[in-house]
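**Q** What would the 3D arrangement of this be:
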Amino acid sequence: MNSRFFYFTFAVLSATLPPAAGAQTAVLEGTVQEESSSAPIDAATLTLTFAPPIEQNGVLEQVPADRLRPLVVSTTGRGGFVFPGVAAGTYVLTARRVGYAPLETMVNLTPGTHRTRLLLQPISFELAPVQITASSLLQQHLDEVGFLHRRKEGWGKFMDATEIQRWHPFDVVSFFRPIIRGCTMIFIDGMPRALSEITVDDIAGYEYYSRRVRTPAEYANPRADCGSLVVWTWVDH
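**A** Model prediction:
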């Protein structure tokens, strides 16, 4: 895949208000704005997905199925959104809007009201002609996308599908949970996308860079010292 993509980043500013007496649920409210102009973004889709706690033995804690069902809302004309009556816990918050890079981050909701401001960066990209080959072998695919070359350089953390399966990951979010902290840029097959769009079985390999200075230019944020997670999926050739 020979594609050129531009970058995205996000900033999250949050404040927690004291919970009302006897409150057992949380409220997450906030605004979605354009990063450069701070203009409100309407019709953005916000998804809140519960992240099950991890027990001491490394196994995800069992939770009722209804808690794993994502909560989805949209922003208003002024970019506002609200998730009312959310059970306290840790969640993955995703914001998406056509024309903007998706945002994905972890939020810890305690009983009470939480306010957040999300900044989305406009994106554009140019697609070069796709060259189709006949092979679907893991190593050849990862070589085609530059994964093996960058792995030899040793600037980031790398795992291919064979190594990932040894960890027996429960799902994509829980597997990458230790990495997604603060400012983390996420690319899937070279494009800014959300991890919720893929499954563990889709992953051919991933590369993670903790600092901008260690990140290849095509996946680095030129404005902030963010980490970058680049995930490669299996592609039907």
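
**Q** contacting residues around Thr90?
**A** Phe50, Ala51, Pro53, Met106, Val107, Asn108, Leu109 (CB atoms under 8 Å, 6 or more residues apart in numbering). All C-beta spots, glycine's among them, are computed from the backbone N, C-alpha and C.

**Q** Okay, and which of these map to strands?
**A** Those of the contacts of Thr90 mapping onto strands are Phe50, Met106, Val107, Asn108, Leu109, per DSSP state E.

**Q** What's opposite Leu109 in the beta bridge?
**A** Note on Leu109: beta-bridge partners by DSSP bridges are Gly89.

**Q** between the ones in strands among the contacts of Thr90, which is closest to Phe147?
**A** Met106 (25.8 Å; CB to CB).

**Q** How many residues are close by the closest one?
**A** Met106 is flanked by 16 other residues according to other CB atoms under 10 Å.

**Q** which residues sit in contact with the most centrally placed residue in the chain?
**A** In the chain, the centroid-proximal residue (CA atoms, centre = their mean) is Glu104; its distance is 3.8 Å. With contact set as CB under 8 Å, 6+ apart, Glu104 has these partners: Val92, Leu93, Thr94, Ala95, Ile180, Thr184, Ile186, Ala194, Leu195, Ser196.

**Q** Which helix or which strand is home to Asp42?
**A** According to DSSP states H and E, Asp42 maps onto no helix or strand at all.

**Q** gap between it and Thr76?
**A** Distance, Asp42 to Thr76, using CB to CB, to the nearest Å: 6 Å.

**Q** For the nearest residue to Glu29 once chain neighbours are set aside, give me the pLDDT.
**A** In space, Glu29 comes closest to Val82 once its chain neighbours are excluded; the distance is 4.1 Å by CB to CB, 6 or more residues apart in numbering. Predicted confidence (pLDDT) for Val82: 97.

**Q** got the CA coordinates for the helix or strand containing Val82 in CSV?
**A** Using DSSP H and E, Val82 sits within strand 80-87. Only the C-alpha atoms of strand 80-87 are listed here, as CSV (Å, rounded to 0.1, in the frame of the first residue of the first chain):
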residue,chain,number,x,y,z
GLY,A,80,-22.2,19.7,22.8
PHE,A,81,-22.9,16.2,23.9
VAL,A,82,-23.9,14.3,27.1
PHE,A,83,-23.9,10.7,28.3
PRO,A,84,-26.4,10.6,31.2
GLY,A,85,-26.7,7.9,33.9
VAL,A,86,-23.5,6.0,33.0
ALA,A,87,-22.3,3.3,35.5
